[in-house]
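1. what's the 3D shape of this:
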Amino acid sequence: MKNISLAAAALAVLVLSIPAWAAQSEIDRCVKNLEKQYGTMQDFHADFVQETQLASIKRIEKGAGAVWFKKPGKMLWEYKTPQAQKIILDGKTLWFYVPEDKQVMKNNFSTIPQHIVVDLFRGKIAIQEKFKVSFVQEEMKNNKKEISLELLPLAYDPTVKKLTLWVDPEKFYILRTCLEDDFGTKTILVFSNIAIDKNIPDTTFEFTPPPGVEVFEPPQAQQ
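-> Modelled structure (predicted):
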């Protein structure tokens, strides 16, 4: 009887350990495929809806538009609502342009801290070197299955307390993101009409300040 009980206990431990191992294996597979997808693609275009929940003042801000990425190092976020604006990276210079204000901010991109969502789309990050990744669940959204992953930074970063990714389980496109910072602010991005490797022209990312637009350029830090 004692030997049977020990065998039963050992079997129970083995059975209970399988789901954890299987879950980690699935996480590794998903992360690997996600990195491969964004590491090998040459360009990316999608429509997006953005919602920012500002915890400090209990306010929700919404926006929508389209986004383009192209390797190496080109990016365009074009907001159509609530106010027309563009964020343009031509490879070296990052522009923030608000037509209504007739102002544009010009920055040297190499001096600006990188953003985790931007780095994901550029295929510039090894996820598990910077984050502890957990499998949250599979769920249905608009009649489509999505894999939900929770990313917790391994090193403290006040701008990234938690990042949740919703991923297409077949194509491994990022369908939604939710970024929460240390101050409780949440920024949610939902992507649709995703198009990969459509040979986006370089002219998409070119920007020349229109006549009458004031250009602001922050002073460069001393080396």
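
2. for Thr185, what are its contacts?
-> Residues in contact with Thr185, defined by CB atoms under 8 Å, 6 or more residues apart in numbering, are Thr52, Gln53, Leu54, Ala55, Ser56. In short, each C-beta sits where N, CA and C put it, glycine included.

3. try Phe216
-> Gln103, Val104, Met105, Lys106 are the contacts of Phe216 under CB under 8 Å, 6+ apart.

4. list the buried residues for stretch 154-170?
-> Val160, Lys161, Leu163, Thr164, Leu165, Trp166, Val167, Asp168 (16 or more other CB atoms under 10 Å).

5. so which of the residues you listed comes closest to Thr81?
-> Proximity of the buried residues of stretch 154-170 to Thr81, judged by CB to CB, is greatest for Trp166, which lies at 22.5 Å.

6. so that closest one touches Tyr173, yeah?
-> No. In this structure Trp166 lies outside contact range of Tyr173 using CB atoms under 8 Å: 9.8 Å.

7. what about Gly39, neighbour count?
-> 13 (other CB atoms under 10 Å).

8. that one: what secondary structure?
-> helix (DSSP: H, G, I helix; E, B strand; the rest coil).

9. where's it relative to Glu150, distance?
-> 21 Å (CB to CB, to the nearest Å).

10. now do Thr93
-> From Thr93 over to Glu150 (counting by CB to CB), the distance is 35 Å.

11. so what does the strand or helix carrying Trp95 touch, helix or strand wise?
-> Per DSSP states H and E: Trp95 is located in strand 93-98. If contacts are counted by 3 or more CB pairs under 8 Å, 6 or more residues apart in numbering; DSSP states H and E, strand 93-98 sits against strand 85-89, strand 103-108.

12. which stretch among the ones you listed comes nearest Gln128?
-> Here strand 85-89 is closest among those (CB to CB), at 26.3 Å.

13. average pLDDT across the closest one?
-> The average pLDDT within strand 85-89 is 93.

14. now the helices for the protein?
-> Secondary structure of the chain by DSSP state H: the helices cover 2-40, 116-122, 127-130.

15. just to revisit the earlier point, narrow the buried residues of stretch 154-170 to those in strands?
-> Leu163, Thr164, Leu165, Trp166, Val167 (DSSP state E).

16. mind giving me a markdown table with the residues you listed and columns for distance to Phe69 and pLDDT?
-> Listed next are those as a markdown table, based on distance: CB to CB, whole Å; pLDDT from 0 to 100:
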| residue | distance to Phe69 | pLDDT |
| --- | --- | --- |
| Leu163 | 18 | 91 |
| Thr164 | 21 | 93 |
| Leu165 | 16 | 92 |
| Trp166 | 19 | 93 |
| Val167 | 17 | 91 |
